[in-house]
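[1] the following block contains a protein sequence and its predicted model.
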Amino acid sequence: MTSALPQASTILASLGQAAFVWDIATDAMVWSDHLSEVFPDIPAEALASGAEFSKLIEPARGVRSDALGHSAPSRGGDGVPYRIEYGVRTSTSAPVLWIEETGCWFAGADGRPARAHGIVRINNEAHARDEQLLKLSRNDPLTGELNRTHLVASLAEAIEEASRFRTSCAFMLISIDHLARINDAFGFDVADAVISEVAKRIRARLRGGDVLGRFSGNKFGLILKNCTVDDMNVAAERFLAGIRDEVVPTRSGPVSVTASIGAVSVPRYARSADEAINRAHETLDGAKRRRSGSFSVWRPNVERDAQRRVNIRVTDEIVTALNERRIVMAFEPVVEARSRDAAFYECLVRMEQDDGQVLLAPDIVPVAEKLGLIRLVDHRVLELVVAELAEQPGIRLSLNISPDTTMDPDWWASIESLMRAHPGVAERLIVEITETVAIQDIDDVRGFVTRLKNYGSQIAIDDFGAGYTSFRNLRKLGVDIVKIDGAFVQNIARSADDRAFVQTLIDLARRLQIKTVAEWVQDEESAVMLREWGCDYIQGRLIGLASSQRPWAVPAETVLPAAS
């Protein structure tokens with residue numbers, strides 16, 4: 001072989017390659033010339049036979065023999081191609097030389113491999129690239145810790161292992177508090193430096209066998225093996241202290257950072273990775289609501305579980321009621337404070353149940369908002385209100401919409417379509433938004449108000465006084481009506497503080513030419529006070545509560561007369 005390929009062997013050696021013939025029956029290996037240039041640190045005797053060469057191979061010494069044995073011989077005497085990769089080194093202290101071997105083997109009379117021809121080449125750079133790609137597929141590029149996919153996979157393995165060996169471990173979610181503020185104040189590069197430093201501080205406090213990964217932007221997931229509840233408390237405090245006790249140095253200066261932790265004991269309280277993550281998230285949210293920089297452990301809660309079952313049931317009922325058109329309206333009169341003539345009617349959502357019972361708005365709206373169904377309810381209410389206005393040209397109606405609906409493009413598409421289909425309806429529609437919505441983003445809400453007013457509709461702020469909307473913002477928004485929160489109105493006959501507060505609101509609104517509605521008017525004494533203070537409209541128990549019967553069809557004599 002060496003005499004047949006002198007020129008070729010030189011070329012191969014210059015490329016970091018060498019050719020061989022391996023007589024498998026005798027185990028002898030014959031190599032091309034210039035072999036020492038390809039393997040300068042490997043003695044010739046270690047390359048003289050397949051057995052000696054295999055002693056240098058890792059991680060599996062039998063990789064070459066296995067490659068020949070796992071492929072069926074071709075028919076007709078042609079060689080069977082193979083390709084393998086492995087590392088070689090002469091000692092544990094020597095660097096690994098990564099090899100790619102390609103060749104063909106030929107069968108003997110018994111059909112088993114008898115001879116192999118091939119080429120080996122140094123493949124360190126390609127192997128390093130493959131290792132880097134593998135690392136990037138497993139690890140978060142910023143922190144070097146496991147990414148979410150492999151963290152979740154490791155959590156599933158840990159839960160399975162703990163269940164099998166009846167041990168206990170913990171899963172923690174560690175969230176950097178107020179990272180968005182750091183982004184806004186210093187920029188994303190500083191926030192990235194904070195994330196990286198927090199990861200290092202957590203890593204420095206781990207035991208062998210514990211697993212750390214980046215769960216999301218500001219959250220880390222942590223699997224603590226063989227960890228009891230008591231161990232959890234100690235470990236959590238160690239992590240929190242390690243993060244908060246020293247400022248994080250960045251190129252923009254030192255940044256003070258705290259973190260919050262939610263944890264769950266597995267497999268005791270979570271039998272799957274999804275369950276562990278959900279419960280850790282739940283406790284983390286609770287910890288952050290209580291106080292930034294705190295720690296909370298998931299524990300069973302009968303009331304919480306019962307409420308969730310109720311939520312699931314009510315959710316199903318809401319969706320079914322929407323599909324079956326069992327979402328209906330109740331109408332509560334709002335009258336002029338002086339004449340007691342009906343000014344408009346507030347439309348309140350009701351849900352008829354199969355058993356004949358009716359769920360009121362307080363039973364429906366909070367659950368619908370929490371579970372993302374409120375926009376569907378608001379769409380249905382809009383359809384019902386517009387249909388009622390179109391059928392009764394002499395009435396005015398108001399409807400409440402949730403905060404999310406104010407920015408819902410589908411709701412806008414619906415109202416535009418309905419207004420075009422029913423000319424003259426918009427002028428008799430009042431849309432009520434809560435004070436909370438009004439203060440969230442003045443510019444966005446002002447755009448919402450302007451669009452509605454362009455149709456001719458009016459805007460009311462509901463529950464005014466419960467939040468922090470200033471009269472300056474009311475003027476800026478251009479609202480037409482403020483509805484004074486009934487919590488202040490219901491006791492004005494007995495509370496001097498409530499009287500002063502309500503009277504002040506009415507006086508300021510009048511100066512800004514904004515109409516006022518007093519909610520929850522309970523008695524005649526309160527109604528007289530409100531009238532004397534200049535309140536425009538009143539509603540509540542004194543006037544009449546919401547009813548599914550259309551009030552405008554009720555004989556006029558049933559309406560309370562004006563006080564003399």
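    Yep, that arrived.
[2] number of residues surrounding the closest residue to N226 other than its chain neighbours?
    Excluding its sequence neighbours, the residue lying closest to N226 (Cβ to Cβ, 6 or more residues apart in numbering) is T167, at 5.7 Å. The C-beta positions use only the backbone N, C-alpha and C, and glycine is treated the same way. Neighbours of T167 under the rule other Cβ atoms under 10 Å: 14.
[3] tell me the phi and psi of T167?
    phi -110, psi 180 (degrees, to the nearest 10).
[4] in what helix or strand does the closest residue to L360 other than its chain neighbours lie?
    In space, L360 comes closest to R350 once its chain neighbours are excluded; the distance is 6.4 Å by Cβ to Cβ, 6+ apart. R350 belongs to strand 342-352 when assigned by DSSP states H and E.
[5] that strand: partners in the sheet, and parallel or antiparallel?
    strand 327-336 (antiparallel), strand 358-359 (antiparallel), strand 397-400 (parallel) (DSSP bridges).
[6] export that strand as PDB, just CAs?
    The C-alpha trace of strand 342-352 is given here as PDB (Å, rounded to 0.1, in the frame of the first residue of the first chain):
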ATOM      1  CA  ALA A 342     -86.800  58.600  33.800                       C
ATOM      2  CA  ALA A 343     -83.700  59.900  32.100                       C
ATOM      3  CA  PHE A 344     -82.200  56.600  31.000                       C
ATOM      4  CA  TYR A 345     -81.900  52.900  32.000                       C
ATOM      5  CA  GLU A 346     -78.700  51.200  33.000                       C
ATOM      6  CA  CYS A 347     -78.500  47.700  31.400                       C
ATOM      7  CA  LEU A 348     -77.100  45.000  33.700                       C
ATOM      8  CA  VAL A 349     -76.100  41.600  32.500                       C
ATOM      9  CA  ARG A 350     -78.000  38.500  33.800                       C
ATOM     10  CA  MET A 351     -77.600  34.800  33.000                       C
ATOM     11  CA  GLU A 352     -80.600  32.500  33.000                       C
END
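[7] buried set for that strand?
    A342, A343, F344, Y345, E346, C347, L348, V349, R350, M351, E352 (16 or more other Cβ atoms under 10 Å).
[8] which residues does the fourth one bridge with?
    If I follow you right, that is Y345. P333, L397.
[9] who touches it in this structure?
    Taking Cβ atoms under 8 Å, 6 or more residues apart in numbering as the criterion, Y345 is in contact with F331, E332, P333, V334, I395, R396, L397, S398, P551, W552.
[10] pull the most distant pair out of the residues you listed.
    S398 and W552 (14.3 Å; Cβ to Cβ).
[11] quick one: which of the two has more around it?
    S398 (27 against 14).
[12] distance of the more buried one from R279?
    Look at S398 and R279: by Cβ to Cβ, to the nearest Å, they are 42 Å apart.
[13] and I459, what element?
    Using DSSP H and E, I459 falls in strand 458-464.
[14] what angle do that strand and strand 327-336 make?
    If you take axes from the mean of the first three to the mean of the last three Cα atoms, to 10 degrees, strand 458-464 sits at 90 degrees to strand 327-336.
[15] which parts of the very next helix or strand once past strand 458-464 are buried?
    Downstream of strand 458-464, the next assigned helix or strand under DSSP H and E is helix 471-477. By neighbour count with 16+ other Cβ under 10 Å, helix 471-477 contains the buried residues N473, L474, L477.
[16] tabulate those residues in CSV, adding columns for distance to A518 and pLDDT.
    Shown next, in CSV, are the buried residues of helix 471-477 (distance: Cβ to Cβ, whole Å; pLDDT from 0 to 100):
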residue, distance to A518, pLDDT
N473, 21, 73
L474, 17, 75
L477, 21, 81
